[in-house]
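> Quick one, fold the following:
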Amino acid sequence: MVKFKRFYLFLTVFPILVSCDDDNDCCTIIEAGIEFVANIDGEDYFSTIDRDGIAIFNFNGETYELVNGPDRDSSKGYSIIPPDASNGNGYIVFVGLNIEHIESDNTSLTRIAWTPNDIDNVKAIFDRSNNNLIVIEVQIEGETVWTVSEGGLVVLNK
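Numbers count the residues shown, from 1 in each chain. The predicted structure follows:
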């Protein structure tokens with residue numbers, strides 16, 4: 001019985017001792033998404049397009065690859081939040097930015113095809129300090145449209 005107790009104690013304590021080392025934090029905070037609303041002539045742009053036809057592409061260093069991962073929270077790289085009359089917003093589209101290929105300058109590129117003829121090129125700038133991966137700035141076609149200090153939704157005027 002004593003050997004069993006020692007073995008049981010070993011099994012419960014050993015994983016705790018080796019699960020995290022002192023040099024590294026065992027957890028990574030990842031915040032790499034952005035929410036979009038869009039207007040066209042004062043109307044909700046996303047109510048006028050085929051929302052199921054939106055396509056997200058991540059740049060892998062050479063080419064853009066279509067996001068299609070059944071193991072993701074949003075298999076196509078985006079999710080749609082329906083209109084909420086209480087806040088006055090129309091559809092909100094949440095897009096997961098590219099974290100698969102981040103350049104040495106802490107940037108990544110994502111291409112959003114809202115429709116086959118309406119495509120936005122998005123550059124995300126990340127903070128990778130303290131074991132984090134947090135988007136701190138978003139640029140569309142070279143123009144800054146969102147920063148972490150301002151927060152909020154990205155409003156696109158189509």
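> Apart from its chain neighbours, what residue comes closest to residue 89?
Leaving aside its chain neighbours, residue 89 sits nearest to residue 37 (5.6 Å; criterion: C-beta to C-beta, 6 or more residues apart in numbering). Where you see a C-beta, it was placed from the backbone N, CA and C, and this is true even at glycine.
> measure that neighbour to residue 30 for me?
Separation of residue 37 from residue 30 (C-beta to C-beta, to the nearest Å) stands at 23 Å.
> Look at those two and report which has more neighbours.
Neighbour count, other C-beta atoms under 10 Å: between residue 37 and residue 30, residue 37 has more, with 20 against 12.
> quick one: which helix or strand includes that one?
Take DSSP states H and E as the rule and residue 37 turns out to sit in strand 33-40.
> Direction included, what does that strand pair up with?
If you go by DSSP bridges, strand 33-40 pairs up with strand 43-44 (antiparallel), strand 92-96 (antiparallel), strand 154-157 (parallel).
> Which positions in the following helix or strand past the second one come out as buried?
The reference is to strand 92-96. With elements assigned by DSSP H and E, the helix or strand that comes after strand 92-96 is strand 107-115. By neighbour count, with 16 or more other C-beta atoms under 10 Å as the criterion, the buried positions of strand 107-115 are 108, 109, 110, 111, 112, 113, 114.
> can you put those in JSON lines and add pLDDT?
Converted to JSON lines, the buried residues of strand 107-115 look like this (pLDDT from 0 to 100):
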{"residue": "108", "pLDDT": "97"}
{"residue": "109", "pLDDT": "98"}
{"residue": "110", "pLDDT": "97"}
{"residue": "111", "pLDDT": "98"}
{"residue": "112", "pLDDT": "97"}
{"residue": "113", "pLDDT": "97"}
{"residue": "114", "pLDDT": "96"}
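> Would you tell me which one of the residues you listed comes nearest to residue 120?
Distance to residue 120 across the buried residues of strand 107-115 (C-beta to C-beta) is lowest for residue 112, with 4.8 Å.
> Skipping adjacent residues, who's closest to the closest one in space?
Among residues not flanking residue 112 along the chain, residue 120 sits closest, at 4.8 Å (C-beta to C-beta, 6+ apart).
> Tell me how far the one you found lies from residue 88.
23 Å.
> If you count surrounding residues, which of the two has more?
Remark: of residue 120 and residue 88, residue 120 carries more neighbours, 18 against 8, as counted by other C-beta under 10 Å.
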